[in-house]
Structure formats: C-alpha cells, structure tokens
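Undergrad: Could you look at this predicted model? Sequence included:
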Amino acid sequence: MTSLGPAWPERAAWGTAPSLRAWQSAALQDYLARNPRDFLAVATPGAGKTTFALTVAAELLGRRVVDRLVIVAPTEHLKAQWAEAAARAGIPIDPTYSAGSGKIASDFVGVAVTYAGVGVNPLAMRIRTERFKTLVILDEIHHAGDSKSWGEGVREAFEPAARRLALTGTPFRSDINPIPFVTYAPGEGGFPTSVADYAYGYADALADHVVRPVLFLAYSGQMSWRTRAGDEVAASLGEPLTKDMTSQALRTALDPQGSWMPSVLAAADKRLSEVRRHVPDAGGLVIASDQESARAYAKLLKQISGESVTVVLSDEKASSKKISQFSAGDSRWMVAVRMVSEGVDVPRLTVGVWATTTSTPLFFAQAVGRFVRARKRGEIASVFLPSVPNLLSFAAELEAQRDHVLKRKVHDEGDIFAAEDDLLAQANQGDAASDELEALPFEALGSEARFDHALYDGAQFGHEGEVHVGSEEEMDFLGIPGLLEPDQVRSLLQQRQSDRADRRRTRTGDGSDGGGPRPGDSLADVTTHEHLAVLRRELNGLVASWNHRTGQAHGITHAALRKECGGPAAAVANAEQLRKRIDRIREWSVRKTS
C-alpha cells in the first residue's frame, strides 16, 4: 500500500462528526451495514447530500478502508463549494486540481474535479485512482450520462476505485445512455430503470421539516408580438395555445421593455418585503435567460427596491465570489443567468422569479431546489411563475420521484430525449440560446400582467377571474406571513379564497362565485361580451389545471362538463351555463384534493 505521508498516520479522527438528520443517519447506517462498493443516494435538493457524503468519507478514511478521496462535481463553482464543506468536516481537498496535474501537496487528502475535466483526460484520473485506495464521490451522477464521452470517461477513470458513492437530487430523465456505476432493473414496460440504494424525496423531507414548502404564484396577461413573417399576434399567457405561440407569448412576457416583467418583479419585491418582516435576511433570486436581460432586470429591481442588485454572469471570474458574498450578506436581490442551479447553496433565498425560457423537469427541479433549504421551522419559499402549462405542471408535481429509464422519450413532435441536458448545459454555460425559437426573428410589442392563481401542495387557490397587479386581491396572496407551518399556509389560502369569493358575490349582486367583472368595475362598465370572455378564460384555466393534475385531455374534460351541466360548447354557452361548469370543475378539484 502506498504511504500516506507523515501528516496522516498520526491523525486519530477525521473531522468533527456533524449532527446528522434522521435520514442522513439512517442512510449512513444502511451504507455501513451493507459495505458496498457502489452506492446511489437520491435525496431532494436541500436535504443535505453533501453532509451525508462527507460523513461517509470521514468514516471510510478513519477506518482506513480508503486512503484518498476524489469528488466529481458538475461545475467549477461546485468544486470550490465541496472543498469548503470538506474543510469544515476536517477533510482537506484541493479544488484547483485538474486531470494530469500530477502530484498534490501533502496537506491534501483528495481532489475535486469536474465531469468535463474527467472526460478530457480520464487516463490521468485512472492512474491516480489506481495508486491509492480511493473513494470517489460522484455529485449529481446523472451528468455522467449527459454525453457518451463523459460517461465513458467516468467509467474509465474510476473503474479501479475501492468505493464509489453516487449522489443526485434532481429527476433523472429518459434516454439511451446508461449512467456508469448505477444499477438498473426491469421497470414499467420492461425498460431498464435505475435503482437507488437510498431515496429521500421532497415529500419525506417536507414532513420532516428538512425543506420548506413552496408557494407558487402564477401570473398571466395579454401579450402582443410580431412574428418573423411580419404578422402581429395577440394572445393571453395562460390560455390554451400551440407550443410555438406559448413560447412566443412567454418570450414577450419576459421582455424587460414590456410591462409584464416590471409588474411581476414589483410583486415579488412586495412578497420579499413581507417575508423579511419575519425573516430579516431573506433574499430573492431572478433566474434570467441571458446576460442582457439579467442586467435589465437588475436595473428594474434597483428602481423598485431602492437597493443595489447582485448580478451573476457565468463568464465572469468573480461569479463564485459574488454568490458567496450574497449568501453571507443580507441584501435583497440577486439576478443570475440560470447558472444558479443544482448544488449552489444560498440558504437565505426564499423568493424566486422564473424569468427564463428553459422549461424542462430537470432544470425546474434544480432551480426550485435553490429555495427549499430549511433553516428554521415555518419558513416558506415563494416562486413567481409565468402561467405556462409545463411550468404549472412541474409545480403541481414537485413531489414526484423520477428514476432514470433507458429508452427514447418520443411524442408526436419527434425525439426529444436529449433536449433536457442540452438545455441545461447551455444554461450553466451562459447565454447560449436555450432553443431554436430564440434564434428566430422576433419582436415583442407589448405585455401586461395579471395575477392568475396561487399553487400550493398541488392545489390551486384564487383562480376566479382577472386580478390586476397592485390590487387588494393580489395582496391577499403576496401578504401571507413569512413564517407559517404548512397546514397554516393551506388554511390561510383557503380562507382568503373564500373571502375573495364573498367579495365577488357582493360586487356582482347575483350570487355568482366568480367570473364577474374585473376588480373596480361596476356591472354597467362591463359588456356582455367582456363578461362572457372572462368566464371562458376562467373555465379554460380550470380545465388546464385539471389537465395538469390528472392528465385528462382538455376536450374530454369540456365534454364531461357539458354532459353533467348541459348546454352547448363553451364558445357559444351563456353566462349561467359557464358558471355551472366552473362550479362543477371546482367541486371535482376539491374532491380530488380531499
């Protein structure tokens, strides 16, 4: 066995044993009892995978099961973050090492590298791994399946390792690239599916108060834009649209020159002020699509909040330092070009604004994971979303556990299995286009925002017609206290929704539960056409929400409502018929929630 050098034999223990959470202790005991060469731990973002992994490392080093440690992380920033965490655990790690660098100082017991670095020179890492009894920690192991070269590089470099500990906290995806050192077993439809040795999901972590509950605040509104063909188009974000029109409406909403983003940023700042009444150092994060937009959002936020804003751009050398300074401080806002995703630890983030066109389950889980890390009981995470169907679906399914399935994911628009990781790689590199649509000629003409609904624990609250930004009805949801238990949040949302319905019934004077005039309008101000349009928007929104929760096609839901309530198609139904359908689908939602 290769000598460890004079510094290590005298060391009696590795670091100070941290106070472990229940799941970390159970996973550690499971690991030590099984004594495996390979172990895959799946734990929701914010649960504490790093602490678990470093505790395993300290145990194996202390018992002389291994002599050296290699940590593989997705990004350069996370290399430094792992080294800092390891130092706190008494395990000195060199984060500046790169494959082929040769020896490291005798002060270090291991190195931190990136998946890309391993892929460039796997042979050098293999030689290092063979020289010592090595524990390899593979952080966010799904990245080893991002490309054939990365996967083959990881397999070649670490095949000789004495122990391999794989970690992930985000949903795996379906594709044809097996992830090295992960066990697969026959799954649904006979497709090989990854098998975790220990899993700790968001629902478990929420029940244990390890993570915060998330309140999603969805905003819709009217958009107008000019297409590459020169056509001017107007559509409402939040209504059923084609895929291309949804993308164009979203891009219009995110244009900093329009009215939608300033309105949503102002609402998010109000929410942050409310949270800071109870959590004084609470911070907010805007996830932007590109550098130009990020700077524009920062300028808007400075005008809104009166405070300077931290802007994090991936091609700046000071990015990691900026994130660390923001994390340690108490300033209000940070804007990042989507690079603040998996693993980046800023525990005081409690309010987020989704202002990026990237919208895959993988990226969504990583981004929302930045806001759920609990520090004390009662903290709530608030994330502002555009009312885009796939984002609302991801929000409603936050607790879903996904494994890696070895198959092509195909739908009627073609093979899309590689899209998630391509988008994620672009997102973490900077302002490369997130999809082909962003490269097309496009001109946003105008936008306006309105509060759509709140989404909490898979249930919708407040979807009862148009709510203008800055209104009292919007503040019913923005003003929720920053410290509440999960059941208190649910009760308060239900009460405020009931109060809103009472106010609407009083205002309309006809006993209807929503779908009436907009706030501030009298009956005389609203034409029949406008009234029916509001009701149809409300019904369509509820049908879309039902689709998110059940997977039932919109047309089937509309047909079922017509069958139960009577009347013609929604496009020609009268107000009373539309209200009956709205009431009925709400009843379905209540029954499903209960």
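TA: It's in. These figures come from a predicted structure and were not determined experimentally. Numbers count the residues shown, from 1 in each chain.
Undergrad: burial measure for Q257, as a count.
TA: The burial count assigned to Q257 is 11, neighbours taken as other C-beta atoms under 10 Å. C-beta here means a position set from N, CA and C on the backbone, and glycine is covered the same way.
Undergrad: ah, wrong one, I meant A207
TA: 11.
Undergrad: How about G551?
TA: G551 has 8 nearby residues by other C-beta under 10 Å.
Undergrad: got a pLDDT number for it?
TA: G551 is assigned 76 on the pLDDT scale.
Undergrad: Now it. Its backbone dihedrals?
TA: phi 80, psi 0 (degrees, to the nearest 10).
Undergrad: where's it relative to E397, distance?
TA: Per C-beta to C-beta, to the nearest Å, G551 is found 10 Å from E397.
Undergrad: Output the lowest mean pLDDT helix or strand found in this structure.
TA: strand 414-415 (a mean of 29; mean pLDDT, DSSP states H and E).
Undergrad: can I see the domain layout of the chain?
TA: 22-207, 214-487, 527-593 (automatic domain parsing).
Undergrad: For those domains, please prepare a markdown table with the additional fields distance to S498.
TA: Shown next, in a markdown table, are those (distance: least, C-beta to C-beta, whole Å):
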| stretch | distance to S498 |
| --- | --- |
| domain 22-207 | 25 |
| domain 214-487 | 10 |
| domain 527-593 | 12 |
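Undergrad: quick one: which of those is nearest R496?
TA: Taking C-beta to C-beta, domain 214-487 is the member of those nearest to R496, at 4.4 Å.
Undergrad: Return the distance of that closest one from the chain's centre.
TA: How far domain 214-487 lies from its chain's middle: 9 Å, per C-alpha atoms, centre = their mean, to the nearest Å.
Undergrad: ok, now stretch 20-35?
TA: Centre to centre, stretch against its chain (C-alpha atoms, centre = their mean), the figure for stretch 20-35 is 27 Å.
Undergrad: which of the residues in that stretch are buried?
TA: Going by neighbour count (16 or more other C-beta atoms under 10 Å), the buried part of stretch 20-35 is L20, R21, W23, Q24, A27, L28, Y31.
Undergrad: ranges for the strands of the stretch 101-250 of the chain?
TA: 110-114, 134-138, 163-168, 174-175, 184-186, 192-194, 198-200, 214-226, 232-237 (DSSP state E, counting those that start in this stretch).
Undergrad: could those be laid out in TSV, adding mean neighbour count, distance to G567 and mean pLDDT?
TA: TSV is the format used below for the strands of the stretch 101-250 of the chain (neighbours: other C-beta atoms under 10 Å; distance: least, C-beta to C-beta, whole Å; pLDDT from 0 to 100):
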stretch	mean neighbour count	distance to G567	mean pLDDT
strand 110-114	24	60	94
strand 134-138	25	58	97
strand 163-168	24	50	94
strand 174-175	20	41	56
strand 184-186	11	49	81
strand 192-194	20	46	79
strand 198-200	20	48	92
strand 214-226	23	26	92
strand 232-237	16	23	87
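Undergrad: Redo the ones you listed as TSV? Include distance to A266.
TA: Converted to TSV, those look like this (distance: least, C-beta to C-beta, whole Å):
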stretch	distance to A266
strand 110-114	39
strand 134-138	42
strand 163-168	37
strand 174-175	39
strand 184-186	49
strand 192-194	43
strand 198-200	37
strand 214-226	11
strand 232-237	17
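Undergrad: Would you mind saying which of those strands lies nearest A355?
TA: Closest approach to A355 among the strands of the stretch 101-250 of the chain (C-beta to C-beta): strand 214-226, 11.1 Å.
Undergrad: The closest one pairs with which strands, and in what direction?
TA: strand 232-237 (antiparallel), strand 381-386 (parallel), strand 443-447 (antiparallel), strand 450-456 (antiparallel) (DSSP bridges).
Undergrad: I'd like these laid out as a markdown table, including distance to L301.
TA: As requested, these are exported to a markdown table (distance: least, C-beta to C-beta, whole Å):
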| stretch | distance to L301 |
| --- | --- |
| strand 232-237 | 21 |
| strand 381-386 | 13 |
| strand 443-447 | 18 |
| strand 450-456 | 19 |
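Undergrad: Max pairwise distance over the buried residues of stretch 20-35: which two?
TA: Spatial extent of the buried residues of stretch 20-35 (C-beta to C-beta) is set by the pair R21 and Y31 at 14.9 Å.
Undergrad: number of nearby residues for A553?
TA: Counted by other C-beta under 10 Å, the residues lying close to A553 total 11.
Undergrad: Now do the contacts for the spatially closest residue to E159 that is not a sequence neighbour.
TA: Of all residues not flanking E159 in the chain, R126 sits nearest, at 7.3 Å (C-beta to C-beta, 6 or more residues apart in numbering). Residues in contact with R126 (C-beta atoms under 8 Å, 6 or more residues apart in numbering) are E156, A157, F158, E159, P160.
Undergrad: tell me which of these is nearest to F477?
TA: F158 (48.5 Å).
Undergrad: How about the contacts made by that closest one?
TA: F158 sits next to V70, V72, M125, R126, T129, T134, V136, L138, R164, P180, F181 when contact means C-beta under 8 Å, 6+ apart.
Undergrad: again, but for S545
TA: L392, A396, H453, Q460, H463, S589.
Undergrad: Just give the number of residues close to the residue lying closest to H278 once chain neighbours are set aside.
TA: Using C-beta to C-beta, 6+ apart and skipping residues adjacent in sequence, the residue nearest H278 is G482, 3.7 Å away. The local packing of G482 (other C-beta under 10 Å) involves 21 other residues.
Undergrad: for A318, same thing?
TA: Quick note: A318 (other C-beta under 10 Å) scores 10 neighbours.
Undergrad: what does S589 give?
TA: So S589, with other C-beta under 10 Å, has 18 neighbours.
Undergrad: That one contacts G458, correct?
TA: No: S589 lies out of contact with G458 (C-beta atoms under 8 Å); the separation is 10.0 Å.
Undergrad: shared neighbours of the two, anything?
TA: Here S589 and G458 share the contacting residues R549, scored by C-beta under 8 Å, 6+ apart.
Undergrad: about what we covered before: which neighbours do G551 and E397 share?
TA: By C-beta under 8 Å, 6+ apart, G551 and E397 have no common neighbours.
Undergrad: Am I right that I480 falls within a helix?
TA: No: per DSSP: H, G, I helix; E, B strand; the rest coil, I480 lies outside any helix segment and is coil.
Undergrad: any idea whether the closest residue to it other than its chain neighbours is helix, strand or coil?
TA: Computed as C-beta to C-beta, 6+ apart, the closest residue to I480 that is not its neighbour in sequence is L492, at 6.1 Å. The assignment at L492 comes out as helix when based on three-state DSSP.
Undergrad: Tally up the residues packed near L492, please.
TA: Other residues near L492 come to 17 when the count uses other C-beta under 10 Å.
Undergrad: Next: the one 3 residues further on.
TA: By the other C-beta under 10 Å criterion, the neighbourhood of Q495 contains 12 residues.
Undergrad: Distance-wise, check V66 relative to D583.
TA: For V66, the distance to D583 - C-beta to C-beta - is 64 Å.
Undergrad: re earlier: give me the buried subset of the contacts of R126.
TA: Looks like these have E156, A157, F158, P160 buried, using 16+ other C-beta under 10 Å.
Undergrad: Let me see the contact set for the last one.
TA: Read that as P160. For P160, the contact set (C-beta under 8 Å, 6+ apart) comprises R126, T129, E130, T134.
Undergrad: Am I right that the last one is in contact with V72?
TA: Going back to what we said before, that points to T134. No: assessed by C-beta under 8 Å, T134 is found out of contact with V72, at 11.6 Å.
Undergrad: so which of the domains of the chain comes closest to Q497?
TA: Proximity to Q497 (C-beta to C-beta) singles out domain 214-487 among those, at 4.8 Å.
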